[in-house]
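In: Sharing a model that was predicted from the sequence below.
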Amino acid sequence: MSQDESAPAPAAPNGTTAAKSGDRRLRLNPNMEHCPDDYDDLAGPEIEPAVFSSLERHLPPAMFELSRDDKFDYMKEVLSRYLTAGEQTKANKYKDYRQKLISNYQPLHRELFNMNSSAFFLPSFIKAVHENSEESFRSIMAEISPGVYTFPMFQPSFCDMLSDEVQHFENWVSEKNFKIMKPNTMNKYGLVLDDFGMENMLAKLMEDFVCPISKVFFHEVGGNSLDQHHGFVVEYGKDKDRDLGFHVDDSEVTLNVCLGKQFTGGELFFRGVRCDKHVNTESQADEIFEYAHVPGQAILHKGRHRHGARATTAGHRINLLLWCRSTFFREAKKYQKDFSGWCGECERLKKERKRQAIASTKLAFLKNTSGSII
């Protein structure tokens with residue numbers, strides 16, 4: 001899908017005809033000049049209110065003048081495609097679980113639960129984000145492989161405090177014999193930071209610091225419309241996970257920051273970006289590389305960039321991960337035709353089809369001009 005195309009949207013749930021059907025399409029590029037409504041009192045537990053406010057900027061201009069309720073009903077219909085009745089019930093139970101954690105847990109470092117950029121980030125990172133340009137971002141970033149960027153991000157004190165907070169929470173969970181959810185479907189050790197009160201801080205991390213970078217470097221995979229996140233830590237070492245198999249993330253853009261501590265091994269290995277159709281295809285030679293973690297240093301890449309982690313052979317490694325998602329990009333992908341513009345295998349097949357077309361045209365030309373194959 002090109003930058004100019006938009007995804008067909010469903011008919012308005014209440015049957016209104018405020019805009020013609022041809023105009024009722026979500027826009028790929030948000031209207032950042034539009035001031036969206038607040039949906040705190042309308043959104044249910046299955047979808048955060050901020051998602052509706054973010055999605056509103058993608059509505060066609062003709063819908064901006066509709067009432068807040070009409071816009072909400074329309075966007076809810078779009079989003080309902082992602083949640084079945086069973087999933088909504090599950091979401092309600094998850095909300096109760098999270099509320100129980102937040103109301104009972106007493107943080108060790110309460111200052112971590114609200115964004116404090118000067119205390120969290122290195123001055124060089126703050127400066128680059130403040131200037132908000134490709135030039136400023138590249139001044140602190142290294143592109144270690146196409147589409148994979150590393151840069152110094154967090155203060156050592158932040159890494160230490162977050163590591164201590166994780167340990168404090170794990171001790172509390174053990175004392176209370178409280179069963180917590182795993183961070184994802186692959187890691188057994190770690191925890192979801194959103195679940196015990198860090199959701200707002202991590203939302204600010206995504207909106208104010210990851211989004212500006214993603215708009216520049218990952219716009220083709222929804223980097224300019226990130227509106228949801230999943231924040232968690234994973235732990236590797238003795239009596240923890242040792243390695244992580246080959247996989248893709250459930251995200252459009254992934255931020256991965258090593259918090260420490262002392263460890264050996266644990267290198268990330270990458271094997272190219274793939275769409276759903278080509279996720280299991282072989283890697284090309286130029287897609288294969290590895291990255292060694294450095295405490296406090298971030299690595300930023302597409303969620304569909306296939307990767308894994310080598311075994312942590314000694315010590316204890318802990319990483320902060322933020323999976324950043326775009327509701328609109330996931331909707332738009334449904335209407336993608338033929339080859340994607342970001343999948344490595346799609347690009348290879350597209351080039352091969354072009355090569356074959358050129359060869360076929362040349363052969364036909366030679367036949368027509370000479371009467372035989374030269």
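Out: Structure's in. What do you need? Treat the numbers as computed from the prediction; the structure is a model and nothing was measured. Numbering: from 1, shown residues only.
In: what helix or strand does the spatially most central residue of the chain sit in?
Out: Centroid-nearest residue in the chain: residue 324, 2.5 Å away (criterion: C-alpha atoms, centre = their mean). Assigned by DSSP states H and E, residue 324 falls within strand 312-325.
In: who does that strand touch, helix- and strand-wise?
Out: helix 156-176, strand 228-237, strand 253-260, strand 263-265 (3 or more C-beta pairs under 8 Å, 6 or more residues apart in numbering; DSSP states H and E). The way it works is simple: take the backbone N, C-alpha and C, and place the C-beta from them, glycine included.
In: how about a cut-off of 6 Å?
Out: strand 228-237, strand 253-260, strand 263-265 (3 or more C-beta pairs under 6 Å, 6 or more residues apart in numbering; DSSP states H and E).
In: Check which element follows that strand along the chain.
Out: From strand 312-325, the next helix or strand downstream (DSSP H and E) is helix 327-332.
In: With only the CA atoms kept, save that following helix in PDB.
Out: What follows is helix 327-332, C-alpha atoms only, in PDB (Å, rounded to 0.1, in the frame of the first residue of the first chain):
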ATOM      1  CA  THR A 327      -3.800   0.100  15.100                       C
ATOM      2  CA  PHE A 328      -4.100   1.800  11.800                       C
ATOM      3  CA  PHE A 329      -1.200  -0.100  10.100                       C
ATOM      4  CA  ARG A 330      -2.700  -3.400  11.200                       C
ATOM      5  CA  GLU A 331      -6.000  -2.400   9.600                       C
ATOM      6  CA  ALA A 332      -4.300  -1.200   6.500                       C
END
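In: mind listing what's buried in that helix?
Out: Burial within helix 327-332, assessed by neighbour count using 16 or more other C-beta atoms under 10 Å, is assigned to 327, 328, 329, 330, 331, 332.
In: can you redo the residues you listed as a markdown table with distance to residue 300 and pLDDT?
Out: Below are those laid out as a markdown table (distance: C-beta to C-beta, whole Å; pLDDT from 0 to 100):
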| residue | distance to residue 300 | pLDDT |
| --- | --- | --- |
| 327 | 20 | 86 |
| 328 | 20 | 85 |
| 329 | 17 | 86 |
| 330 | 20 | 85 |
| 331 | 24 | 81 |
| 332 | 22 | 78 |
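In: Show me where the protein has its strands.
Out: Assigned by DSSP state E, the strands in the chain fall at 7-8, 25-26, 142-145, 148-152, 190-192, 228-237, 244-247, 253-260, 263-265, 268-273, 288-291, 297-302, 305-309, 312-325.
In: which residues are in contact with the fifth one?
Out: Residues external to strand 190-192 that are found in contact with it (C-beta atoms under 6 Å, 6 or more residues apart in numbering): 180, 183, 232, 233, 234, 235.
In: Nearest to residue 171 among those?
Out: residue 180 (12.4 Å; C-beta to C-beta).
In: Residue 342 contacts residue 220, correct?
Out: Yes - using C-beta atoms under 6 Å, residue 342 makes contact with residue 220 at a distance of 4.9 Å.
In: Out of the strands of the chain, which gets nearest to residue 91?
Out: That would be strand 228-237 among those, by C-beta to C-beta, at 13.0 Å.
In: and the angle from the closest one to strand 253-260?
Out: Angle, strand 228-237 to strand 253-260, by axes from the mean of the first three to the mean of the last three C-alpha atoms, to 10 degrees: 30 degrees.
In: hey, least reliable of the strands of the chain by pLDDT?
Out: With a mean of 44, strand 7-8 has the lowest mean pLDDT of the strands of the chain.
In: for the protein, what's the longest helix?
Out: If you go by DSSP state H, the chain has its longest helix at helix 344-370.
In: returning to that earlier point: will you turn the buried residues of helix 327-332 into TSV that also has distance to residue 259?
Out: TSV is the format used below for the buried residues of helix 327-332 (distance: C-beta to C-beta, whole Å):
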residue	distance to residue 259
327	29
328	31
329	29
330	29
331	34
332	34
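In: of those, closest to residue 151?
Out: Set against residue 151, the nearest of the buried residues of helix 327-332 by C-beta to C-beta is residue 329 (23.6 Å).
In: which residues touch that closest one?
Out: Residue 329 neighbours (C-beta under 6 Å, 6+ apart): 222, 252.
In: how about 8 Å then?
Out: Neighbour list for residue 329: 221, 222, 225, 252 [criterion: C-beta atoms under 8 Å, 6 or more residues apart in numbering].
In: so which pair among the residues you listed is furthest apart in space?
Out: Farthest pair in these, by C-beta to C-beta: 221 and 225, 9.9 Å.
In: gap between the two ends of stretch 274-291?
Out: Separation of the first and last residues of stretch 274-291 by C-alpha to C-alpha, to the nearest Å is 19 Å.
In: and what of stretch 58-72?
Out: 13 Å.
In: check contacts around residue 168.
Out: 107, 108 are the contacts of residue 168 under C-beta under 8 Å, 6+ apart.
In: separation between it and residue 62?
Out: Residue 168 is 52 Å from residue 62, where distance means C-beta to C-beta, to the nearest Å.
In: Name the nearest residue to residue 288, sequence neighbours excluded.
Out: residue 271 (6.1 Å; C-beta to C-beta, 6 or more residues apart in numbering).
In: show me what contacts that neighbour?
Out: 246, 283, 287, 288, 306, 307.
In: Distance from stretch 248-256 to the middle of the chain?
Out: 4 Å (C-alpha atoms, centre = their mean, to the nearest Å).
In: what's next to that stretch, contact-wise?
Out: Taking C-beta under 8 Å, 6+ apart as the rule, stretch 248-256 contacts 184, 205, 210, 214, 218, 221-223, 226, 230, 268, 274, 279, 298-307, 319-326, 329-330.
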